[in-house]
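Asks: Give me coordinates for this.
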Amino acid sequence: MAMFALLPHEELSFKVDITKVFTLILIHDLCEIYAGDTFAYRTEHKDHEREQEATEKLVALLLPDLEIALLNDWKEFTFGSSPEARSARALDRMQALAQTVMSSGRTWKEQGVTEALSWELNREVLNLDPVVTEIFERLYQRAAEENLWSS
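Replies: Residues are numbered from 1 along each chain as shown. From the prediction side, this is the model:
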C-alpha cells in the first residue's frame, strides 16, 4: 500500500502531504487487526460500525493525545474529509483492484463480481485526479482483456 501511495503522489494535480497519506493508510489498515478485512463488494453496511469499534479499541491502548489524534485520522480517512484522505481512499481501492487483477480475478469469480459492480464501487474515487483515473482505466482494461470478471 505504501508503494501505491509513494509512486504517483508527485504526479497528482493537487499537492498532498505524503506523510499524512501514509498515516491515514496505516490507521485504516491497523483497525483491521480487530475488525478483519472487509470484502469491498459486500452488500451489508455494518462494516463502518465494526471498523470504528475496532479503531476505538486499538487507540484506547495509547496515551490520550495519541488516542484522539489517531481516532481523528481514522475518521478523516473514513469520511474523505481532506485531499490526503481522498487520495488514501482512492489508493486503497486501487490497490484492491490491482491485487485482484494480479491474482487472475480469483476473488471476482468466486464472489460473482461483475465489471459493472466494480465500476460502481469505485465511482467515488475514479475522478479524483487524471493520474488516478488512468491507473484505474489500465487495470480495468487488463481485467477485460484477460476476461477476469464473473459472468
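Asks: Residue 135: which element?
Replies: helix 130-145 (DSSP states H and E).
Asks: on contacts alone, who are the packing partners of the helix or strand of the chain with the lowest mean pLDDT?
Replies: Least confident helix or strand of the chain, by mean pLDDT, DSSP states H and E, is helix 32-35 with a mean of 76. The contact analysis (3 or more Cβ pairs under 8 Å, 6 or more residues apart in numbering; DSSP states H and E) places helix 32-35 against helix 47-59. (Glycine included, C-beta is placed from N, CA and C.)
Asks: contacting residues around the helix it packs on?
Replies: 27, 30-36, 38, 66-67, 70-71, 74, 78 (Cβ atoms under 8 Å, 6 or more residues apart in numbering).
Asks: Following the chain past it, name the next helix or strand.
Replies: helix 64-79.
Asks: buried set for that next one?
Replies: For helix 64-79, a neighbour-count test (16 or more other Cβ atoms under 10 Å) marks 70-71, 73-74, 76-78 as buried.
Asks: which non-adjacent residue is nearest residue 2?
Replies: Counting by Cβ to Cβ, 6 or more residues apart in numbering, the nearest residue to residue 2 once its immediate chain neighbours are dropped is residue 22, at 6.4 Å.
Asks: Residue 88 versus that neighbour, what's the distance?
Replies: Per Cβ to Cβ, to the nearest Å, residue 22 is found 8 Å from residue 88.
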